[in-house]
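1. Sequence and predicted structure below; questions after.
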Amino acid sequence: MAAYRCGLYLALILILSRIVHPGIADTLEKANDTTGEKQSASDAPRDNADARSVDLNERQWQKTDVEPYTGDDPQNTPSVRPAKDQFEEELVIRPLHSGDIYASFQFRTLWDVDFQQEGQKTSHYRLFPKSLGQVLSKFSVRELHISFTQGYWRTMQWGQPFIASPPGAELWVWFHHTVTDVDGNWRELTNVLSGIFCASLNFIDLTNTVQPSASFKPLGLGNATDHSFLRYATLPREIVCTENLTPWKKLLPCGSKAGLAVLMKSEKLFHSSFHSQAVHIRPVCQDEQCTSKAWELRQTLNVVFDLYTSGQGKKEWSMFKMFSRTLTEACPLASSSKVYVDITDNPEGELFELSPVTALLSQAVVLGDRRTYSVYDLTRAETFGQLRSLNLLLRWKGESGDMLRPLLHAERYVSGFGLQTGEIHTVIYNNHPFRAFPVLLMDSVPWYLQLYIHTLTVTSKSRENKPSYIHYQPAKDRHRPHLLEMLIQLPPHSMTEITVQFDRALLKWTEYTPDPNHGFYVGSSVVSALVPSMVAMNTNFTLDQPLFSSFVPVKEESSYFMRVYTEPLLVNLPTPDFSMPYNVICLTCTVVAVGYGSFYNLLTRTFQVDEPSPPLAKRLANLIRRIRGVPLLT
Amino acid sequence: MAAPLTLLLLVAVTIRGVLFRSNLAEIISERVEVVSPLNAWKRVVEGLALLDLGVSPYSGDVFHETPLMIYLFHFLVDYAEIVFMIADGITAVALYLSVQIYNKNVFRKQKYALESERYPADCLELLRSPKEMFYIPLKVAMFYLLNPFTILSCVAKSTCGLNNAIIALFILCTLKGSALLSGILLALATYQSMYPLTLFAPALLFFLQRLYIPVNLRRSSFWFFTLQYAFIYFGSLIVITGLSFFLLGSWDFIPSVYGFILSVPDLTPNIGLFWYFFAEMFEHFRLFFICVFQINVFFYTIPLSIKLKEHPVFLMFMQIAIISIFKSYPTVGDVALYMAFLPAWSHLYRFLRNIFLVSCVLLACSALFPVLWHLWIYAGSANSNFYYAITLLFNFGQILLVSDYFYAYLRREHHLTHGLYLKKKDGTEATLVLK
């Protein structure tokens, strides 16, 4: 038994050690970046020799494969050591198959400081926002990830986002292992962040905080495995709006005055199908040998515009239409400022027409798929042309083909009727035609839905599929939520259904939200997986690859890490009548008093023959007679 | 008498067996009237599942059974239906034998009193004849086994049935006069659900009476026996608790079982008075009212023991009834236990004041529970107040029933000393009042 468990953990650790951060944009950087910042966080040395060799391979592949496309990439920038702090910005625009436009902003600030060394006080801030820097040092945060999302990412229509996020607010933090009172730090941190981002993160308390054992590993440097320093919480009900965007923009070195951030006008950004803004802070390596550490602040903002319906069915968009602004300059503080447009489906220009035309192309493997991008480098004057402004315009010529179905997809719903019991169904799809892969499913369910773990069933292809690892922490009423983590092997081309039954609790009347009959939100479940790469799945050998590299199909990035969030649930609970606490207290006390009274009566009194009392006149007469000392009347 | 009892047991087992096999069993096991968070079978299975996963069953707030219960069902989970049927059978047989012994005692006492001519002349019609007493034990067993409440409770596999069996065995051992077994079983019952603690007083009174030791605080024999019985009781309680500790290796079960009973954190509707009261309670009064309501259960023990010190068996009945009305998570299984005793008090029938009203209220409430539950939870056309009103009425009916029996018992005792047809001073017929 012990050996079996050991083996299981080993397998888990192996999988998890391969879970690097969703290395999305880093690979993009390398294509054109010549400032000497060749090493990004993804290349942080790991104790896993395998992982390192994979990374090395990947890097070399990038070089050989990409450079022919990049054309006249100048090699004239000085190759000095980068400045202490560094800021980069980029915008990726991807036309989606549904006709929507996906715009993803990423801003990266590197801060060359290591304040986890003892006794080092940092008071000098250049590009890194001071408000966040102070938070990091005060609460000994190692890694911080926070996202605010409005709307639900429709994987089946839009494909995979670069960084997934659940609806509402999500916060997960790794604390430094010197922290003694993790819960105390967490409570204070959520309150501080609540102030910084103008969000109701102060509603995060122990009742919605969990410590996932396997699903959330640090994405930056370090190899923490003790999940007692991890805290994870979601607020699925959080509504994201302008007041959250403004403080988020203020964290940028240029604010919203210059660079890509000028495009962020809230009336346009929030008039969209999906809006997600996030802040990711983690320690990364400063150079190739990783001699010094740096803090990386990555701010991302993802928007999906529904330009198809708002544009009267015409598939045509421009930057001005989307953001009601055009780009005129890069942020002067940015070492790199680029706009990427995904033209993978349009290699020859037969599908749509993109103007202005750029000679710069870049190719990167993103989420297991090889994509080609047109690149607009905002640091170069010729990008802006004669008008001194860049207004990207894309006009569709033909219908695009069908989208490749996402390999991993998950959804969730509640079944059952009435307010007594219910069942949570989570359905995970593996659309890979021949490869099975394991996924980690994490569910955090509030305590007022009492889960029954013995009713847990996992079925794939109408057969029981026993999870190889289950971590279950039952809820404590009013203290902590349920946490369920499972490692499930998804058979190829299958649908796996996970069901678990629950009871709905009746709460105290003060514990209900102001609109109790609206229901209670249950946060998204998180599916984390190493998904086999689509590049590896590709058996099309028409691409000009060297022969020696194409025999074994799994060459680079045989699998990539992905996180998928399901829908949040809205569950109704039975409600008491909020209008009558006084009545209930009075009525119940009356019944108890009836019980008490009748027992008291029988206990304290004795049976006596009922003698009728004499009339009042006689009693008065007797009273007077008693005073006078005269014999009484009978 | 063994043949009718066997027949009765067979009928009871058949009914339960049929219901277990039907698809009603699943519906019944979800009914909030039948199962409470304390004794639902679903939660026992959940506790076993948690144990299998390597998680302490008490780390969550789903499982509230005692550690001994887990270990019992760890081995017997596949035979649960049989276990619950056997438990019901044991309860019925134990009650049957106890009432038989009790009736013998009553008859003997009555005979002595008659011989010493202590009864007034007109009281002869109040005396109990062996003929009418003959079928009472069987009726008691029948009232328990064929009571729909018991059947529902058994089919739902509510562990309340096991607690009832322990209490019934405790009563039997007490009436048999075995102080050791009685103390151990009382400790076991207390360990299971805490409230039977109040049965200590009637058991002690019974033993004192049996050994002809007067209740006199200045007598050393009284203190000697009291201490002896208390030592057996508390000793076995400590042993059982210690055993549970060694079974699980932690004290987690104390807050999870007894803390849960006392602090009432789970407000799932049931037939009791607690759930809606504490759902609607103002937060700063919660602690106060929890204390008041819990003290209420234990409060009656001392005055009742003083009043009924000559009648420990009736005191036992009163205590069981009060527990089942005022406990924090009552179910119909608890009600069924004290209702089984009602045939034993059939001689009080002529003094009951509102038995017709009370039986109508209880019957109507039992029918209305599922109706109003459906309207609130499933149809959505009623709200929680409807169900609450019915629980209120049901408890009101139970209180009336119990206090009525108490009244009737005291009145009969009064008549047995003062004569049945009381006269006023002027010779006219008198009415008896409480003063």
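-> Nice, thanks for sending it over.
2. So for the residue in the stretch 451-600 of chain A that chain B sits nearest to, what's the nearest residue that isn't a sequence neighbour?
-> Using CB to the nearest CB, the closest approach of the stretch 451-600 of chain A to chain B is made by A:P474 at 2.3 Å. Every residue, glycine included, has its C-beta placed from N, CA and C. Spatial nearest neighbour of A:P474, excluding adjacent residues (CB to CB, 6 or more residues apart in numbering or on different chains): B:G60 at 2.3 Å.
3. Any buried residues in the helix or strand hosting A:F148, and which?
-> In this structure, A:F148 sits in strand A:141-150 according to DSSP states H and E. Buried residues in strand A:141-150, counted by 16 or more other CB atoms under 10 Å in any protein chain shown: A:141-150.
4. What segments of the stretch 151-300 of chain A are helices?
-> Along the stretch 151-300 of chain A, counting by DSSP state H, counting those that start in this stretch, helices occupy A:155-158, A:182-197, A:242-250, A:266-269.
5. which residues does the closest residue to B:D252 other than its chain neighbours contact?
-> Spatial nearest neighbour of B:D252, excluding adjacent residues (CB to CB, 6+ apart): B:Y58 at 3.9 Å. By CB atoms under 8 Å, 6 or more residues apart in numbering or on different chains, B:Y58 lies in contact with B:248, B:250, B:252-253, B:255-257.
6. Which of these are buried, as a ChimeraX select command?
-> Selection of buried members from these for ChimeraX, criterion 16+ other CB under 10 Å:
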select /B:248,253,256,257
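7. Now distance to A:G519, pLDDT and secondary structure too, for the contacts of B:Y58, in CSV please.
-> Output for the contacts of B:Y58, formatted as CSV (distance: CB to CB, whole Å; pLDDT from 0 to 100; DSSP: H, G, I helix; E, B strand; the rest coil):
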residue, distance to A:G519, pLDDT, secondary structure
B:L248, 38, 86, helix
B:S250, 37, 90, coil
B:D252, 33, 90, coil
B:F253, 34, 93, helix
B:P255, 31, 93, helix
B:S256, 29, 93, helix
B:V257, 32, 94, helix
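8. Would you mind reformatting the contacts of B:Y58 (as TSV) and adding columns for distance to A:L351 while you're at it?
-> Shown next, in TSV, are the contacts of B:Y58 (distance: CB to CB, whole Å):
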residue	distance to A:L351
B:L248	67
B:S250	66
B:D252	64
B:F253	67
B:P255	66
B:S256	64
B:V257	68
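9. closest point of chain B to chain A, which residue?
-> Closest point on chain B to chain A, by CB to the nearest CB, is B:G60, at 2.3 Å.
10. Contacts only, for that residue.
-> Here B:G60 is in contact with A:473-476, A:482, B:50 (CB under 8 Å, 6+ apart).
11. For those residues, name the two members farthest from one another.
-> A:K476 and B:L50 (13.2 Å; CB to CB).
12. Tell me which of those two has more neighbours.
-> B:L50 (22 against 18; other CB atoms under 10 Å in any protein chain shown).
13. Double-check A:L392 against A:F352; I have them as touching.
-> No - between A:L392 and A:F352 there is no contact under CB atoms under 8 Å: 11.6 Å.
14. Give me the neighbour count for A:K250.
-> 12.
15. just A:E267 next, same as before
-> 8.
16. And the pLDDT at it?
-> Per-residue confidence at A:E267 stands at 87 (pLDDT).
17. Could you measure from it over to A:F323?
-> A:E267 sits 10 Å away from A:F323, taking CB to CB, to the nearest Å as the criterion.
18. same question, A:L171
-> 28 Å.
19. out of those two, which sits in the busier spot?
-> A:L171 (25 against 21).
20. Might one say that A:P492 is in contact with A:S460?
-> No - look at A:P492 against A:S460 with CB under 8 Å: they stay out of range, at 10.2 Å.
21. Got the confidence number for A:V179?
-> 89.
22. what domains does the record give for chain A?
-> Domains of chain A are assigned by automatic domain parsing as A:2-42, A:86-396, A:408-571, A:581-634.
23. Keeping just the C-alphas, turn stretch A:270-278 into PDB.
-> Extracted in PDB, the C-alpha atoms of stretch A:270-278 (Å, rounded to 0.1, in the frame of the first residue of the first chain):
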ATOM      1  CA  PHE A 270     -17.000  47.000 -20.700                       C
ATOM      2  CA  HIS A 271     -19.200  46.900 -23.700                       C
ATOM      3  CA  SER A 272     -18.000  43.500 -24.500                       C
ATOM      4  CA  SER A 273     -18.900  39.800 -24.200                       C
ATOM      5  CA  PHE A 274     -16.000  39.000 -21.900                       C
ATOM      6  CA  HIS A 275     -13.700  41.200 -19.900                       C
ATOM      7  CA  SER A 276     -10.900  39.900 -17.700                       C
ATOM      8  CA  GLN A 277      -8.100  41.800 -16.000                       C
ATOM      9  CA  ALA A 278      -5.400  40.200 -13.900                       C
END
